[in-house]
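**Q** what shape does this take:
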Amino acid sequence: MFGIDDAIAAGSNLITTITNKIAPDANIEIQGKINSALTEMQNEYASMLAQVEVNKVEAASTSVFVGGWRPAIGWICGAGLAYAAVIEPLGRFIAVVFFDYAGTFPVLNAEITLQILLGMLGLGGMRSYDKKVGTSK
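**A** Just a heads-up that it's a prediction; the model follows:
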């Protein structure tokens, strides 16, 4: 299977071949730069793979304290949005219309909650789009 390591190696070989044809004397300096860039890319790729493995372990865990923190953020943001957009306005309407309530209701500042929630939904939407068009691996 053609992976990122193969692509990096092929790109390195192509650059080396072109460099040897154009300027053989500059090859040593350029080859050093290519090797350092290649090493940096491989280290970054290894770091990303390690994070993916951590994410897999967290997602597979049955413990709420390990695998449940991401869903908990969604639950908190969803509850905040439900209160700000549905519960508080509906409760205020019922209290004023049916019970002649003249007091105030607690108002939730949902700005940060909505930013987090919309970010989560936006990222989820992009992943769904990637799956639909088949651009992800």
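
**Q** after the helix or strand of the chain with the lowest mean pLDDT, next one along is what?
**A** Within the chain, judged by mean pLDDT, DSSP states H and E, the helix or strand with the poorest mean is helix 64-67; its value is a mean of 59. Along the chain past helix 64-67, the next helix or strand (assigned with DSSP states H and E) turns out to be helix 69-82.

**Q** which other helices and strands does whichever helix or strand comes after that next one contact?
**A** Scanning forward in sequence from helix 69-82, with DSSP H and E defining helices and strands, the next element found is helix 88-99. On a contact count with 3 or more C-beta pairs under 8 Å, 6 or more residues apart in numbering; DSSP states H and E, helix 88-99 meets no helix or strand. All C-beta atoms are positioned from the backbone trio N, CA, C, and that covers glycine.

**Q** helix 88-99 - what's its average pLDDT?
**A** In this model, helix 88-99 has an average pLDDT of 90.

**Q** send the alpha carbons of that helix over as PDB?
**A** Presented in PDB, the C-alpha positions along helix 88-99 are these (Å, rounded to 0.1, in the frame of the first residue of the first chain):
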ATOM      1  CA  GLU A  88     -35.600  29.800  29.300                       C
ATOM      2  CA  PRO A  89     -37.700  31.500  26.600                       C
ATOM      3  CA  LEU A  90     -40.500  28.900  26.900                       C
ATOM      4  CA  GLY A  91     -40.400  29.000  30.700                       C
ATOM      5  CA  ARG A  92     -40.500  32.800  30.700                       C
ATOM      6  CA  PHE A  93     -43.400  32.800  28.300                       C
ATOM      7  CA  ILE A  94     -45.400  30.300  30.300                       C
ATOM      8  CA  ALA A  95     -44.700  32.100  33.600                       C
ATOM      9  CA  VAL A  96     -45.700  35.600  32.200                       C
ATOM     10  CA  VAL A  97     -48.700  34.500  30.300                       C
ATOM     11  CA  PHE A  98     -50.200  31.900  32.600                       C
ATOM     12  CA  PHE A  99     -49.000  33.000  36.000                       C
END
